[in-house]
Structures are given as C-alpha cells and as structure tokens.
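> sequence first, predicted coordinates after that:
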Amino acid sequence: MSNSRAPFPFFIPVEPRALSEREVAIVERLVKAQASRYLEQISALRVVGRCGCGRCPTVFFLHHQQGDREADLATMAGKDDTGGLTAAVLLEKEGVLSQLEFYSVDGHDPWEAPSAESLEPW
C-alpha cells in the first residue's frame, strides 16, 4: 500500500479580485528593487488564481496552463507575522507580471507572506 499523496494542481482559478494592500506593497518593493520596467503594470494587476496547495499565499495575475514558461524577475526574503523567514518571488510571462510566489525559507509552519518593509535581497 502506497503512502504517497496525489499531486495537487499548480493553479486554481479564483473570482478575479484586487490585490490586498500587503500584496501590492510586496510587488512594488520587488519591482522597484529589481525590475523597474514593470512599474506601470502594477496598478492593473488582478488576482485570478492561487496555488493549488491551499496553504501558501501564492497568487497568479494571469491564468496558468501546464507548459507555460515563466521567468523570475525578483526574489527577496523577509519576516512574516510569525517571525519566520519567507521568500517572495515575482515572475513574468511574455513581458507581463504573472505570479507572486511565496515559500518558507527556514521551514517554519504555518507561514504567510512577509511584510514588504522587511524584504531584503535573497
């Protein structure tokens, strides 16, 4: 009998919504620090999906399909509200901001998006 779990979907569509204040602050910090040519896109961003794990705060700005190629634009890490170290990665697809990914750097759990003010190059 196998103990392996079925893989979760990478992208789960959600009802489009505006970014939260924290998400906007993080995107602005990442763009200003490492990808300033994307500044004009920030005001038009909408969240259209989330990570399929259901636990992390990763959000998508574009619908994602298997085989889509994205590129990392900026990565920084900072403290979340639990005091743990969490990374924020901004990605683009074909010149458009596509995803704001998060992961626990130090393995703490549960974890959440870091504060934008705490973000430093990673």
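Cool, the structure landed.
> so where do the helices sit in the chain?
Assigned by DSSP state H, the helices in the chain fall at 21-34.
> all strands for it, in order.
In order along the chain, the chain carries the following strands (DSSP state E): 11-17, 47-51, 59-60, 71-79, 85-93, 96-104, 120-121.
> just the ones you listed: most buried one?
When you average the neighbours per residue for each of the strands of the chain (mean count of other C-beta atoms under 10 Å), strand 59-60 leads with a mean of 24. Glycine gets a C-beta too; all of them are placed from N, C-alpha and C.
> can you list the residues that contact it?
Strand 59-60 is contacted by residues 11, 19, 23, 47-51, 98-100 when judged by C-beta atoms under 8 Å, 6 or more residues apart in numbering.
> who does it pair up with?
Strand pairing for strand 59-60, using DSSP bridges, gives strand 47-51 (antiparallel), strand 96-104 (antiparallel).
> can you lay out those strands as a markdown table showing mean pLDDT and distance to L30?
Shown next, in a markdown table, are those (pLDDT from 0 to 100; distance: least, C-beta to C-beta, whole Å):
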| stretch | mean pLDDT | distance to L30 |
| --- | --- | --- |
| strand 47-51 | 97 | 16 |
| strand 96-104 | 97 | 8 |
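> quick one: closest of those strands to Y38.
Closest to Y38 of those, according to C-beta to C-beta: strand 96-104, at 5.6 Å.
> where in the chain is pLDDT low?
Across the chain, the ranges flagged by pLDDT under 70 are 1-8.
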